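*Asks:* just need the structure, nothing else, for what follows:
(chains A, B, C and D)
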2 protein chains.
Amino acid sequence: MTSTEGMGLERVSTERTPLRPTRQRTAVAEALASVDDFRSAQDIHDLLSRAATPVGLATVYRTLNALVEAGEVDMLRTEDGEAIYRRCSETHHHHLVCRSCGATIEVEGPAVERWTTAIAAEHGYSEVSHALEIFGTCGSCQR
Amino acid sequence: MTSTEGMGLERVSTERTPLRPTRQRTAVAEALASVDDFRSAQDIHDLLSRAATPVGLATVYRTLNALVEAGEVDMLRTEDGEAIYRRCSETHHHHLVCRSCGATIEVEGPAVERWTTAIAAEHGYSEVSHALEIFGTCGSCQR
DNA sequence: CGCTGTTTGACAATCATTCTCAATCGAGCG
DNA sequence: CGCTCGATTGAGAATGATTGTCAAACAGCG
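*Replies:* Just a heads-up that it's a prediction; the model follows:
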């Protein structure tokens, strides 16, 4: 990492570097905005390549991580360790996944939302987010 | 992927898994039993090497995965994608993690347990398990 | 227009995890 | 008691996601 400090510029408005909106960053953000679901970095990369706005894989990762740090995107892990991303404005929900066939149902639970927030506050944590995945065997796979 | 036609290591719940307790499998199971926490496969491997019961890393992974399939061990992912394992008898709890310094607090919530089970049942899912992680900024890191 | 720090991207490097496959083990058999 | 054959092991190669490297392209501003 470069030190990016000590220059005469006082551009430090809130925290770190003010992220310049380049063509590729915009492309990544738009790609994320165009899907309602979690997507892997590679998915985004493919999407962009196919969409005539090719962006280097490394840049996709960098941008995605920057967005996560900026709190504009949520990231979680699939069962096999792949990172998946989703823009975090839309309706917040969780996934009920079948261990066997992979069938996924989106579920919501105000109770859980409230509980996590409360627990976190109770321990003095702020800016709370959470990741919850439920695994089970779906009806069709039980037979 | 291979078809694994002859093997009985699938998910045959009607009959007990033909997993024979070899020296290394026992060692892995005991290592897991000796700690109350989540450990990575590499942790277990190191632990065993130091404990005069060396087991190959590949075997540790194989055994751990077998135990997970057999439902004797829980596996989840850290934020950076590493798989961590814990024998799944003991008190079930979740983690409240500081995004900034990594400080972790274990929390319990009967409500969540009940909710996940209920939701899953409602959708016809059985053999339910879940993973919940709460992220936030802890008190010390807010200053 | 030129200067300077930022951003990009091809590619190498990392790291956890899985695969390969020859050597070894172990239980039942003759 | 020694043999056979499938199960198991482990060293190292292979995989695949992610991150680091670094020279070249870029963007704002003076």
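
*Asks:* tell me the strands beside the strand ranked longest in chain A, with direction?
*Replies:* Looking across chain A with DSSP state E, the single longest strand is strand A:126-137. Strand pairing for strand A:126-137, using DSSP bridges, gives strand A:94-98 (parallel), strand B:126-137 (antiparallel).

*Asks:* residues making contact with the shortest one?
*Replies:* Defining contact as C-beta atoms under 8 Å, 6 or more residues apart in numbering or on different chains, one finds that strand A:94-98 is touched by A:103-109, A:112, A:132-138, A:141, B:119-120, B:123, B:125. C-beta: built from backbone N, CA, C; applies to glycine.

*Asks:* and after it, which helix or strand comes next?
*Replies:* Sequence order places strand A:104-107 as the next helix or strand after strand A:94-98, per DSSP states H and E.

*Asks:* got a list of contacts for that following strand?
*Replies:* A:93-98, A:134, B:119, B:123.

*Asks:* could you work out the most separated pair of those?
*Replies:* Taking C-beta to C-beta as the measure, the contacts of strand A:104-107 span a maximum distance of 16.7 Å, between A:93 and A:98.

*Asks:* gap between residue A:127 and residue A:77?
*Replies:* 20 Å (C-beta to C-beta, to the nearest Å).

*Asks:* of the two, which one has the most company?
*Replies:* Applying other C-beta atoms under 10 Å in any protein chain shown to residue A:127 and residue A:77 shows that residue A:77 carries more neighbours, namely 21 against 13.

*Asks:* for beta bridges, what are the partners of that one?
*Replies:* Legend: beta-bridge partners of residue A:77 under DSSP bridges are residue A:83.

*Asks:* ok, it touching residue B:77?
*Replies:* Yes: with contact defined as C-beta atoms under 8 Å, residue A:77 counts as touching residue B:77 (4.3 Å).

*Asks:* residues in chain A within reach of chain B, list them.
*Replies:* Chain A has residues A:77, A:79, A:81-83, A:96, A:98-100, A:105, A:107, A:109, A:111-112, A:115-116, A:119-120, A:123-139, A:142 near chain B, with proximity defined as C-beta under 8 Å from any C-beta of the partner chain.

*Asks:* now the common contact residues for residue A:77 and residue B:77.
*Replies:* By C-beta under 8 Å, 6+ apart, residue A:77 and residue B:77 have no common neighbours.

*Asks:* before we move on, the earlier item: what about the longest strand of chain A and DNA strand D, any contact?
*Replies:* No: judged by C-beta under 7 Å from any atom of the strand, strand A:126-137 makes no contact with DNA strand D; its nearest approach is 14.2 Å.

*Asks:* that'll do, ta.
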